[in-house]
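> Let's see this in three dimensions:
(one chain, ligands or ions: 1)
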Amino acid sequence: MFNPFSNLRGLASIILILFSFTANANSCVTLLYHRFSDTAPKSTSISPALFEQHLQYLKENNFKVLKLDTMLTLLDSNRLPDKCVVLTADDAYQSIADNAYPLLEKYLMPMSVFVATEPVDKKYPAMMSWQQMRKIKGNIIQFYNHGTDHRHLLNTGKNEIKAQIQHAQKRLDKELAECTNWFSCFLYGKYTPDLIFAYPYGESNSVIMQQVKNLGYTAFGQQSGVVSIDSNRQNLPRFPMAAHYAKFSGFKTKVNTLPMPVKVENTHPIVTQNPPTLKLDFLKPLNKHQKANFNCFVSGGVNMVWQGNQHVAITAKKHLTHRRSKYNCTMPSGQKDRYYWHSIQWINPKVKE
Ligand SMILES: [Zn+2]
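Numbering: from 1, shown residues only. Below you'll find the model as predicted:
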């Protein structure tokens, strides 16, 4: 029988296993879809055929596709499995019921949908009806809060932000909630919802994050990256999956990513100085190989200024001209085909959509 302690190579493999375990522990890749259609605008869509390829890959490669609320519970108790993935979709488009739901049922994978309630109340034809949502709600599809009318919260007053979130929650609870457990129904006579919110356009700032926290919500943005124990619970990252971001090769890379080993600060994502600078502090000094292969991708290129082997300041070469711009940084993790990933979505509220 192979005795791992019998030689140095065995010892090395034990160390490697321990190292990999630490590196994998407690993180989860969350994906963000919108529409599932061959005909809707490409910028927010994935074709149903490509979506099925995503699900097939997850199944064949033994990813653990968790319900969103399960993932958040395991995250807080430090028990997330390796190869953890969560599927989400924003806006409650009709194509979820028509094209995504049948595939999710086929592969038995759950997806959480963030609903802006006013377009549903106004019966916009592109959106599912409450009736349709009641029909598909269950172990495969869950619904959460995306605000009332999908406005830019950065251009909205504090009281109105509160009203946006609370009104949407009231509508969701009235239309979709049910008693999930007889004891809580008996005791309270009503269902207590999980308070999970997704910022419209992924836009927030530190004041809004604090307000959302005070209202009791966990919240998601739209910056790419991996949810980890250190993530800000009011700005959790998701990898957007539409247009060229949804391509199969990129999808494979993203579901295999790990959180960049940096101290995560609650970076205020608003552009005050243009171009803005992202400062990263690594948990440990990088070795030569890691430092040489640490890369950041920004439209127009990037300047990186290192201070020793543990601190780097990243600044775009050109002014950011869009309302939302991303800095995406990657580094090889040491595990085959797995990269560390960190991203920030900068927002310039002065630029109109
Ligand atoms: Zn949205």
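> Around residue 344, how many other residues sit close by?
Using other Cβ atoms under 10 Å, residue 344 is surrounded by 22 other residues. For every residue, glycine as well, the C-beta is placed using N, CA and C.
> Thought residue 223 was touching it, still the case?
Yes - under the criterion of Cβ atoms under 8 Å, residue 344 makes contact with residue 223 at 5.8 Å.
> what's the overlap in contacts for those two?
Contact with both residue 344 and residue 223 is made by residues 269, 326, according to Cβ atoms under 8 Å, 6 or more residues apart in numbering.
> Not counting its neighbours along the chain, what's nearest the residue in the stretch 151-300 of the chain that the ion sits nearest to?
Nearest residue of the stretch 151-300 of the chain to the ion (Cβ to the ion) works out as residue 200 at 5.0 Å. Distance criterion Cβ to Cβ, 6 or more residues apart in numbering; nearest residue to residue 200, sequence neighbours excluded, is residue 150 at 4.6 Å.
> need the contact list for the one you found.
91, 116, 118, 119, 200.
> And what about the fourth one, helix, strand or coil?
Reducing the assignment to helix, strand or coil with DSSP: H, G, I helix; E, B strand; the rest coil, the entry for residue 119 is helix.
> Residue numbering should commence at 580 henceforth.
Sure, I'll start numbering at 580, so the last one becomes residue 698.
> so what's it up against?
Counted by Cβ under 8 Å, 6+ apart, residue 698 has contacts 670, 671, 705, 706, 728, 729.
> Run through the bridge partners of the residue found closest to the second one once you drop the neighbours it is linked to in the chain.
Which is residue 671. Using Cβ to Cβ, 6+ apart and skipping the chain neighbours, the partner closest in space to residue 671 is residue 694 (4.3 Å). Beta bridges link residue 694 to residue 724, judged by DSSP bridges.
> Help me confirm that residue 694 comes into contact with residue 722.
Yes - judged on Cβ under 8 Å, residue 694 makes contact with residue 722 at a distance of 5.4 Å.
> Could you list the residues of the stretch 730-879 of the chain in contact with the ion?
Taking Cβ under 5 Å from the ion, no part of the stretch 730-879 of the chain reaches the ion.
> Could you rerun that using 6 Å?
residue 779 (Cβ under 6 Å from the ion).
> for the stretch 730-879 of the chain, which spans come out with low pLDDT?
Where the stretch 730-879 of the chain drops to pLDDT under 70, the residues are 757-771, 844-845.
> can you map out the strands along it?
Using DSSP state E, counting those that start in this stretch, the strands found in the stretch 730-879 of the chain span residues 775-777, 797-799, 805-807, 818-819, 837-838, 856-860, 874-876.
> so can I have CSV of these showing mean neighbour count and distance to residue 689?
Converted to CSV, the strands of the stretch 730-879 of the chain look like this (neighbours: other Cβ atoms under 10 Å; distance: least, Cβ to Cβ, whole Å):
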stretch, mean neighbour count, distance to residue 689
strand 775-777, 24, 14
strand 797-799, 24, 16
strand 805-807, 22, 16
strand 818-819, 23, 17
strand 837-838, 22, 22
strand 856-860, 17, 33
strand 874-876, 16, 31
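> Take those and write them to JSON lines, including distance to residue 914.
Shown next, in JSON lines, are the strands of the stretch 730-879 of the chain (distance: least, Cβ to Cβ, whole Å):
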{"stretch": "strand 775-777", "distance to residue 914": "30"}
{"stretch": "strand 797-799", "distance to residue 914": "26"}
{"stretch": "strand 805-807", "distance to residue 914": "14"}
{"stretch": "strand 818-819", "distance to residue 914": "18"}
{"stretch": "strand 837-838", "distance to residue 914": "8"}
{"stretch": "strand 856-860", "distance to residue 914": "21"}
{"stretch": "strand 874-876", "distance to residue 914": "17"}
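> what's the closest of those strands to residue 625?
strand 818-819 (10.3 Å; Cβ to Cβ).
> what's the spacing between stretch 775-793 and its chain's center?
Average the C-alpha atoms of stretch 775-793, do the same for its chain, and the two points are 14 Å apart (Cα atoms, centre = their mean, to the nearest Å).
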